[in-house]
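In: okay, here's the prediction I keep looking at, along with the sequence it came from:
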Amino acid sequence: MGGVAGKSSMQKTARDMILSLGLIGLVSGVVWLFIPHDDSAPDLKRVDYRVDLLTARRAASYPVAAPEGLPEAWKPTSVRFRGDEGDAWHLGYHAPGGEYVAVEQSTQKRLLFIEDATQGAEKTEVTQRIDGRTWTRYEGGHYDALVLEGTEGSTTVVTGTASFGQLTEMAEALRTG
């Protein structure tokens, strides 16, 4: 008789465990339904880069470029100038359509700087004229880029996940103040 009572007790314990798990699952589902979910991309904060730009233009040994006249949909999201790292200027944008575009400039060794700024994109034979200057296209797995030719002492790169159309739009807007 002791064996039957033990078996019944075991079945009751297993049944209680299954009921408990079911109840926990049900409560979890209800909680999940009532908690608001926002699957959209986070709203990136627009940065004001005017002071950084003025500082960079005073300190850098080359003409520092920044865009003028871009539509409001282009949102500046990151800026930095590192005088101790080859006068490195960075200005990042969240472009229309959610893509990323950055203006990168530096006095660092050209090939190393391009490799870093473009995340390893490869030089192509394609060039384009923008405001009377020649830019070479670079294509990569993560970033594509336009690299300004004919500059001595510094390198200018427009790079990012955006299309060449948007990279060109940024390059067209660049001014050196």
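Out: Thanks, I have it.
In: for stretch 64-76, buried residues please.
Out: By neighbour count on 16 or more other C-beta atoms under 10 Å, the buried set for stretch 64-76 is Val64, Ala65, Ala66, Pro67, Leu70, Trp74, Lys75, Pro76. Every residue, glycine included, has its C-beta placed from N, CA and C.
In: let me see the contact set for Leu146.
Out: Counting by C-beta atoms under 8 Å, 6 or more residues apart in numbering, Leu146 makes contact with 128, 130, 135-138, 157-159, 164, 167-168, 171.
In: let's see if you can find the most crowded of these.
Out: Val158 (33 neighbours; other C-beta atoms under 10 Å).
In: show me the contacts of Leu146 that map onto strands.
Out: Gln128, Ile130, Trp135, Thr136, Arg137, Tyr138, Val157, Val158, Thr159 (DSSP state E).
In: the bottom helix or strand of this protein by mean pLDDT?
Out: helix 2-34 (a mean of 73; mean pLDDT, DSSP states H and E).
In: okay, and the beta partners of the residue nearest in space to the middle of the chain?
Out: Centroid check for the chain by C-alpha atoms, centre = their mean gives Tyr100 as the closest residue, at 5.0 Å. With beta bridges defined as DSSP bridges, Tyr100 has these partners: His94.
In: what ranges of the chain fall below the confidence cut-off?
Out: 1-7, 32, 37-42 (pLDDT under 70).
In: hmm, back to that, export the buried residues of stretch 64-76 as TSV, with columns for secondary structure and distance to Met10.
Out: Output for the buried residues of stretch 64-76, formatted as TSV (DSSP: H, G, I helix; E, B strand; the rest coil; distance: C-beta to C-beta, whole Å):
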residue	secondary structure	distance to Met10
Val64	coil	77
Ala65	coil	76
Ala66	strand	74
Pro67	strand	73
Leu70	coil	72
Trp74	coil	68
Lys75	strand	63
Pro76	strand	67
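In: just those residues now: which is nearest Val31?
Out: Lowest distance from Val31 to the buried residues of stretch 64-76 (C-beta to C-beta) belongs to Lys75, with 35.0 Å.
In: which one is the closest one nearest to, not counting chain neighbours?
Out: His94 (4.4 Å; C-beta to C-beta, 6 or more residues apart in numbering).
In: cool, and Tyr62?
Out: Going by C-beta to C-beta, 6+ apart, Tyr62 has Ser154 as its nearest residue, at 3.6 Å.
In: give me every residue that touches the one you found.
Out: Per C-beta under 8 Å, 6+ apart, neighbours of Ser154: Ala60, Ser61, Tyr62, Asp87, Gln105, Ser106, Thr107.
In: wait, what's in contact with the residue lying closest to Thr159 once chain neighbours are set aside?
Out: Excluding the flanking residues, the one nearest Thr159 by C-beta to C-beta, 6+ apart is Ala145, at 3.8 Å. Ala145 sits next to Ile114, Ala117, Thr118, Ala121, Arg137, Tyr138, Val157, Val158, Thr159, Gly160, Leu167 when contact means C-beta under 8 Å, 6+ apart.
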